[in-house]
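Chemist: what follows is a predicted protein model with its sequence.
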Amino acid sequence: MVNLGIDIGDLHFRNPVMTASGTCGWGPELSDFMDISRLGAIFIKGLTMEPREGNKYPRMAETPAGMLNAVGLQNKGVDYFEKSIYPVIKDYNTHIIVNINGSYIDDYVALASRMDLLEKIPAIELNISCPNVKMGGMAFGTNLDSARAVTKAVRGAYSKKLIVKLSPNVTNIVDFARVVEEEGADSISLINTLLGMSVDVAKMKPALSTITGGLSGPAIKPVALRMVWQVANAVKIPVIGMGGIMTASDALEFILAGASAIQIGTASFIDPLASIKILEGIENYLIQKGFTDIHEIIGYINHKSS
Amino acid sequence: MMSKRIEDLKVIDNKRINSDSFVIELSGEENLPEIKPGQFVQVRVDGSPETFLRRPISIYDVDYKKNTVKLLIQIVGKGTETLSKVKDGDLLNLIFPLGNSFSDPGVNEKILLVGGGVGIAPLLYLGKHLKSIGYIPDMLFGFRSRDRIIDYEEFTKIGRVLITTEDGSEGEKGYVTNHSVLSDVKYSMIYCCGPDQMMKAVAAYCKKNNIKCEVSLENLMACGFGICLCCIVDTVKGNLCSCTDGPVFNINELKW
């Protein structure tokens, strides 16, 4: 048997394969196709204090080996979440991690405090990297002082595991990783989508209603991998890597580069079973290579190439 | 709730029906699930960088005896162009059946199916279903011109088919909403699928004349099963997903 379990502090995950926020709904949508309890965790759709309608249609454009989205954090707000969604998902036999968002630091703090009271939510993912909202989101994740301030404030209000999701739309992502680690983050997840755009040549107008949106899919994988490698080498806390992972081989690249866990995002749109196939692929790889524990390969290239 | 599945179906026929449209017939190894009129499939094209996402395609027809489904597809881009070239024996990976369905009509409803171009696709299976439960719908199809007409012979087995073309090269000249049948027959229920402009015109006509109406939308989608929230429709209940809350909507739900 191969041990696939990983830990963030004292929080144990049965394996390192997780689904990324905004790509797995609230969980039930993927349950139509698979047993989500096989996953290490699911990171559910971005939540805000107030309900949000998100951006106008069109909010998606296919691009070479990827897609742009400009959903804009559509969700029904925390009251609805607590009343109608949490009771349904709290008994899933995997970790449910809530991705939290706000326009102001106070929003993040209020939401984190509410999540702190939900027994079956063992961690939050602090989203300071959404590129599709006018206020907050990426604005926090692209300014070091703001990133520090929001992480510190949320850390003060939240007692469980705090994962901070970083934006790739910065000059030096390592600076941001160090700042959120200093302010008490238990883990860092990266990368959120890369800011991009597309023009519909036939209609002679932007493909997205918001003009710009977040690029995801295999097109961003080399960039994501480079950033995960940089961050994993710069911080002591576990790193959760994501960005264009479609196959087990893609996932293994991130793990070998230093990610303790990985998130599957856009791949689930094309193959709802992608995360399960990737989990099985990682396990087979370990067996074939003669490893017995996932930890033997986390950051392997960094130990061996020095 | 009906089960969605991911399955490789085998192409048993791929037939060109006009300059830019074709019908693919697919056969499954497993028995088909229950498929309702108005539902769609998400087809994996070939996984190439240009056709990264699946393509949502209406279900044109279902034959439970042969265990086959048909898709009527118009070439509009690289994905549909690639699909137009599949050969007998090729496998296509589908996620299906997806979406809601057209609702059954009330008693004694006088029904018209309105289709525009390739938008006639979901109306064949709907028409066959309506006939099987005792209704004989009329059908009114609009095309740009004679050479763009999609073979509608199968529809004539269901009921009367009326045609409009924008240039008058076949049937009545003009748009479906100008067709004389609308003043000759008092319909009480219209099911419609076609270009947005056409559906909006039909919806306006129905509202003005107090006719019940359902339309099938074809918004851009990434996933097709409710996890990406990209294919939203602006409705009186807020933004809904056309993939899971639709693709069929009653016009009273839409902010048209």
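Modeler: All right, it came through fine. Numbering: from 1, shown residues only, chains lettered A, B, ... in the order given.
Chemist: got the contact list for the closest residue to B:S48 other than its chain neighbours?
Modeler: In this structure, B:S48 finds its nearest non-sequential neighbour in B:T82, 7.7 Å apart by CB to CB, 6 or more residues apart in numbering or on different chains. No exception for glycine: its C-beta is placed from N, CA and C like everyone else's. By CB atoms under 8 Å, 6 or more residues apart in numbering or on different chains, the contact list for B:T82 reads B:45-46, B:48, B:51.
Chemist: check A:P131 too.
Modeler: A:137-138, A:167, A:169, A:192-193, A:195, A:212-214.
Chemist: domain map for chain B?
Modeler: B:5-98, B:102-215, B:217-256 (automatic domain parsing).
Chemist: in a markdown table, list these along with mean pLDDT.
Modeler: Below are the domains of chain B laid out as a markdown table (pLDDT from 0 to 100):
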| stretch | mean pLDDT |
| --- | --- |
| domain B:5-98 | 96 |
| domain B:102-215 | 96 |
| domain B:217-256 | 96 |
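Chemist: against which helices or strands is the helix or strand encompassing A:V150 packed?
Modeler: When elements are assigned from DSSP states H and E, A:V150 belongs to helix A:144-157. Using 3 or more CB pairs under 8 Å, 6 or more residues apart in numbering or on different chains; DSSP states H and E, the elements in contact with helix A:144-157 are helix A:105-116, strand A:123-127, helix A:138-141, strand A:161-165, helix A:173-182.
Chemist: looking at the ones you listed, which is closest to A:S37?
Modeler: Proximity to A:S37 (CB to CB) singles out strand A:123-127 among those, at 17.0 Å.
Chemist: mean confidence score for that closest one?
Modeler: The average pLDDT within strand A:123-127 is 97.
Chemist: partner strands of it, with direction?
Modeler: Strand A:123-127 sits in its sheet next to strand A:95-100 (parallel), strand A:161-165 (parallel), going by DSSP bridges.
Chemist: for residue 159, what are its contacts?
Modeler: Let's take chain A. A:D116.
Chemist: you looked at the wrong chain, it should be chain B
Modeler: So B:G159 contacts B:127, B:131, B:136-139 (CB under 8 Å, 6+ apart).
Chemist: quick one: which of those residues is nearest B:D8?
Modeler: With CB to CB as the yardstick, the closest approach to B:D8 among these comes from B:G127, at 29.0 Å.
Chemist: please, which helix or strand holds the closest one?
Modeler: helix B:121-132.
Chemist: any idea which helix or strand comes after that helix?
Modeler: Beyond helix B:121-132 toward the C-terminal end (DSSP H and E), the next one is strand B:138-143.
Chemist: could you export the following helix or strand past that next one as CSV, CA atoms only?
Modeler: Downstream of strand B:138-143, the next assigned helix or strand under DSSP H and E is helix B:153-156. Only the C-alpha atoms of helix B:153-156 are listed here, as CSV (Å, rounded to 0.1, in the frame of the first residue of the first chain):
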residue,chain,number,x,y,z
GLU,B,153,-39.0,15.1,-44.4
GLU,B,154,-38.9,13.4,-41.0
PHE,B,155,-41.0,16.2,-39.6
THR,B,156,-43.7,15.7,-42.2
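Chemist: the helix or strand just after helix B:153-156: how far from the chain's middle?
Modeler: Using DSSP H and E, the next helix or strand after helix B:153-156 towards the C-terminus is strand B:161-165. Centroid displacement of strand B:161-165 relative to its chain, using CA atoms, centre = their mean, to the nearest Å, is 17 Å.
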